[in-house]
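A.B. asks: With the input below, show me the fold.
(2 chains)
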Amino acid sequence: MHEESRRAKLARLEELGVDPWGGRFDGHQAIGAIRALEETIESSPGEEGKPPNEQGPQVRAAGRVVLQRKAGKLIFADIRDWTGQIQLLIGRKQVGDDSWAVAECVDLGDIIGVDGELKHTRTGELTIFVEKLHYLTKSIEPPPEKHKGLTNPELRQRMRYLDLVYGDGVVDRFLDRTKIVSAIRNSLTSSGFVEIEGPTLHSIAGGAAARPFTTHHNALDIPLFMRIALELHLKRLLVGGIERVFELGRVYRNEGISPRHNPEFTMLEVYQAYGDYRSMMDLTEQLISAALAAIGREGPIEWGDKQIDFSTPFARRTYDELFAEHTGVEANDSAGVARLAEKLDIEVAGRHPDVIKNEVFEELVEDKLDGPVFVIDYPASICPLTKRSRQNSDVAERFELFVAGMEIANAYTELNDPDLQEELFRTQLAGQRDEDSMAKMDHDFIRALRNGMPPAGGLGIGIDRLVMLLTGSQSIRDVILFPLLRPESS
RNA sequence: GAGGCUGUAGCUCAGUCGGCAGAGCAACGGACUUUUAAUCCGUAGGUCUUGGGUUCGAGUCCCAACAGCCUCACCA
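C.D. replies: You can find the predicted model right below:
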């Protein structure tokens, strides 16, 4: 077994009086920063036919050994940290017999620290000429294949730590995710929004239409649900006078898994008193622009075979307009819509016309919206939390932002009429199943509205999908560090 | 939940018509003080995902289970 030889070296290190598990290692420089010191190397002409003499800075680095070439009493090794990779040269004569014995215990995957001079080898490779070697941690497991790394998607997800070390661009992708989230948070904060933490255990799983995960509180002996949305508690805070408020948090939906769905995902919801859905469009553009700037992306972004241009302002098109454009049937032609639905095997009998129309929209229109495009003015009847347009009460002041056929954001002018809200919670649209409806009666929420919620705009952004788009990732599992997998059977 | 594809050494992958289980990397032993996907010589490494079945004989064919990926369903 591979483990045996590694354990033998572990024992050998202990014999040599070296702790194979290392300890505090102060003052090391990031490899990326060390590489940037290349220009400080001073060079004087060497003797006839010899390379120039170099004098480089003294550096201290730490990293994982990812390549190793043993050439007799010389070892070339490449170590990698999260900022880059650099070659080491360890010579028996240069480090002395004792350190050489330690160096001989180095396996691929081990973590070591070095002190040495930064200069070039004869072949011109930037290299740390090691003077002192520090063992920082032994790896008992062999690393993945050195050319291709881990390619099996299951192993990449289960052993994300290896994917991060050996996968091309994986660390950068997840660091980009962090930068995107920070940029969004900073942008909101600098616009006067405050971040709060709402409850994740809800007694009523409201604010969206999805099946919740259920759990139970022992002491109170009550059923509880993991939240499926952030909405209703944030709106309670509007009632409480927190005029600009947001939460960036995990929500849980007990639904299928796909390249665009993970049972837990990250949602941003923002509420702005005295705003409306149009203010939310401006805010959406602001946040996405800030995210792009944070990861240094300019110009169109490649996503699969699509080119996405995030220059602002994004297109704004009405729901009905897009419906007619992509289906060839006018949105208000309910007979025509019904015929279309039947052709698509969408059930028609006993169902609300807007529910049917929306299913047709999802089927025929959404995929084609490469965007970014704000789809505005949804049928009011499918929007129970949204204020109706003053000009046309059949239309809700709502937009969804579509990019590459994916819904990225959803925003409303928030409904703040408690009586209408209560009525809409009560009205189950004909033909809709309970779990398909977001009209779930929440008396406490109604009571909050009865105390006066200021008119407001609200916005939700699916952070994982946004990160997918901005990092060119085709699967949500590529932007979630530990996506849900079935546990391994032992 | 349905269908398709995949599962072989630690990793990446071959394995033809059903006839001795293969390679590269990694590992181990040896040579090498300027290599860089180091090179050269040698060695070792397998419950072919699991369980059944067909067959003289199964990694290969059939059935089932398990896991992953994809498509669909589900999912504003």
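A.B. asks: from here on, contacts and neighbour counts on C-alpha atoms
C.D. replies: OK.
A.B. asks: Give me the below-cutoff pLDDT ranges for chain A.
C.D. replies: A:1, A:46-51, A:428-439, A:489-490 (pLDDT under 70).
A.B. asks: ok, which stretches of it are helices?
C.D. replies: A:2-15, A:31-35, A:92-103, A:153-158, A:160-166, A:170-190, A:231-239, A:277-294, A:319-327, A:334-343, A:353-364, A:418-426, A:443-450, A:463-471 (DSSP state H).
A.B. asks: Just say which of the ones you listed is most tucked in.
C.D. replies: helix A:463-471 (a mean of 23; mean count of other Cα atoms under 10 Å).
A.B. asks: quick revisit: Throw the helices of chain A into CSV and include distance to residue A:409, thanks.
C.D. replies: Shown next, in CSV, are the helices of chain A (distance: least, Cα to Cα, whole Å):
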stretch, distance to residue A:409
helix A:2-15, 49
helix A:31-35, 36
helix A:92-103, 54
helix A:153-158, 27
helix A:160-166, 29
helix A:170-190, 14
helix A:231-239, 13
helix A:277-294, 8
helix A:319-327, 15
helix A:334-343, 26
helix A:353-364, 15
helix A:418-426, 22
helix A:443-450, 23
helix A:463-471, 9
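A.B. asks: Adding distance to RNA strand B as columns, could you present those in JSON lines?
C.D. replies: Formatted as JSON lines, the helices of chain A follow (distance: least, Cα to the nearest atom of the strand, whole Å):
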{"stretch": "helix A:2-15", "distance to RNA strand B": "5"}
{"stretch": "helix A:31-35", "distance to RNA strand B": "14"}
{"stretch": "helix A:92-103", "distance to RNA strand B": "3"}
{"stretch": "helix A:153-158", "distance to RNA strand B": "4"}
{"stretch": "helix A:160-166", "distance to RNA strand B": "10"}
{"stretch": "helix A:170-190", "distance to RNA strand B": "15"}
{"stretch": "helix A:231-239", "distance to RNA strand B": "9"}
{"stretch": "helix A:277-294", "distance to RNA strand B": "13"}
{"stretch": "helix A:319-327", "distance to RNA strand B": "13"}
{"stretch": "helix A:334-343", "distance to RNA strand B": "13"}
{"stretch": "helix A:353-364", "distance to RNA strand B": "7"}
{"stretch": "helix A:418-426", "distance to RNA strand B": "12"}
{"stretch": "helix A:443-450", "distance to RNA strand B": "15"}
{"stretch": "helix A:463-471", "distance to RNA strand B": "12"}
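A.B. asks: Determine which of these approaches residue A:302 most closely.
C.D. replies: helix A:463-471 (8.4 Å; Cα to Cα).
A.B. asks: what's in contact with the closest one?
C.D. replies: A:173, A:176-177, A:180-181, A:260, A:265-268, A:292, A:301, A:303, A:406, A:408, A:473-476, A:478-480 (Cα atoms under 8 Å, 6 or more residues apart in numbering).
A.B. asks: The residue nearest to residue A:394 when sequence neighbours are not counted: neighbour count?
C.D. replies: Nearest residue to residue A:394 in three dimensions, chain neighbours excluded: residue A:380, at 5.1 Å (Cα to Cα, 6 or more residues apart in numbering). Neighbours of residue A:380 under the rule other Cα atoms under 10 Å: 20.
A.B. asks: quick one, which of the helices of chain A is nearest to residue A:310?
C.D. replies: That would be helix A:277-294 among the helices of chain A, by Cα to Cα, at 7.7 Å.
A.B. asks: The closest one to helix A:170-190, inter-axis angle?
C.D. replies: 140 degrees (axes from the mean of the first three to the mean of the last three Cα atoms, to 10 degrees).
A.B. asks: so what's the nearest residue to residue A:75 once chain neighbours are set aside up against?
C.D. replies: Once flanking residues are discounted, residue A:75 sits nearest to residue A:90: 5.0 Å by Cα to Cα, 6+ apart. Contact analysis of residue A:90 by Cα under 8 Å, 6+ apart lists A:74, A:75, A:76, A:77, A:103, A:129, A:130, A:131.
A.B. asks: Could you save these as CSV and add columns showing distance to residue A:285?
C.D. replies: Converted to CSV, those look like this (distance: Cα to Cα, whole Å):
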residue, distance to residue A:285
A:74, 56
A:75, 53
A:76, 50
A:77, 47
A:103, 54
A:129, 50
A:130, 50
A:131, 53
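A.B. asks: which ones among the residues you listed are found in strands?
C.D. replies: A:74, A:75, A:76, A:77, A:129, A:130, A:131 (DSSP state E).
A.B. asks: Closest one of those to residue A:61?
C.D. replies: Among those, and counting by Cα to Cα, the member closest to residue A:61 is residue A:130, at 10.1 Å.
A.B. asks: What count of nearby residues applies to the closest residue to the closest one other than its chain neighbours?
C.D. replies: Leaving aside its sequence neighbours, residue A:130 sits nearest to residue A:116 (Cα to Cα, 6+ apart; 4.4 Å). Residue A:116 has 21 neighbouring residues, counting by other Cα under 10 Å.
A.B. asks: Surely residue A:116 touches residue A:95?
C.D. replies: No: counting by Cα atoms under 8 Å, residue A:116 stays clear of residue A:95, with 10.1 Å between them.
A.B. asks: quick one: common contacting residues for the two?
C.D. replies: Common neighbours of residue A:116 and residue A:95 (Cα under 8 Å, 6+ apart) are A:130, A:131, A:132.
A.B. asks: show me what contacts the second one?
C.D. replies: Just to be clear, that refers to residue A:131. A:90, A:94, A:95, A:114, A:115, A:116, A:117.
A.B. asks: could these go into JSON lines alongside distance to residue A:193?
C.D. replies: Shown next, in JSON lines, are the contacts of residue A:131 (distance: Cα to Cα, whole Å):
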{"residue": "A:90", "distance to residue A:193": "54"}
{"residue": "A:94", "distance to residue A:193": "59"}
{"residue": "A:95", "distance to residue A:193": "57"}
{"residue": "A:114", "distance to residue A:193": "46"}
{"residue": "A:115", "distance to residue A:193": "47"}
{"residue": "A:116", "distance to residue A:193": "49"}
{"residue": "A:117", "distance to residue A:193": "49"}
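A.B. asks: From the chain's centroid, how far away is stretch A:201-218?
C.D. replies: 24 Å (Cα atoms, centre = their mean, to the nearest Å).
A.B. asks: Restricting to C-alpha, output it in PDB.
C.D. replies: Output of stretch A:201-218 as PDB, limited to C-alpha atoms (Å, rounded to 0.1, in the frame of the first residue of the first chain):
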ATOM      1  CA  LEU A 201     -36.600  28.100  11.600                       C
ATOM      2  CA  HIS A 202     -40.100  29.100  10.700                       C
ATOM      3  CA  SER A 203     -43.500  27.900  11.900                       C
ATOM      4  CA  ILE A 204     -45.000  28.900   8.600                       C
ATOM      5  CA  ALA A 205     -42.800  28.400   5.500                       C
ATOM      6  CA  GLY A 206     -44.000  31.500   3.600                       C
ATOM      7  CA  GLY A 207     -42.700  34.000   1.000                       C
ATOM      8  CA  ALA A 208     -42.300  31.500  -1.800                       C
ATOM      9  CA  ALA A 209     -43.800  28.400  -3.400                       C
ATOM     10  CA  ALA A 210     -41.700  25.500  -2.500                       C
ATOM     11  CA  ARG A 211     -41.700  22.400  -0.300                       C
ATOM     12  CA  PRO A 212     -39.900  23.000   3.000                       C
ATOM     13  CA  PHE A 213     -37.700  20.700   5.000                       C
ATOM     14  CA  THR A 214     -39.500  19.900   8.200                       C
ATOM     15  CA  THR A 215     -38.200  19.500  11.700                       C
ATOM     16  CA  HIS A 216     -39.400  19.500  15.200                       C
ATOM     17  CA  HIS A 217     -38.600  21.500  18.300                       C
ATOM     18  CA  ASN A 218     -38.500  19.200  21.300                       C
END
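A.B. asks: Please consider this matter closed, and thank you.
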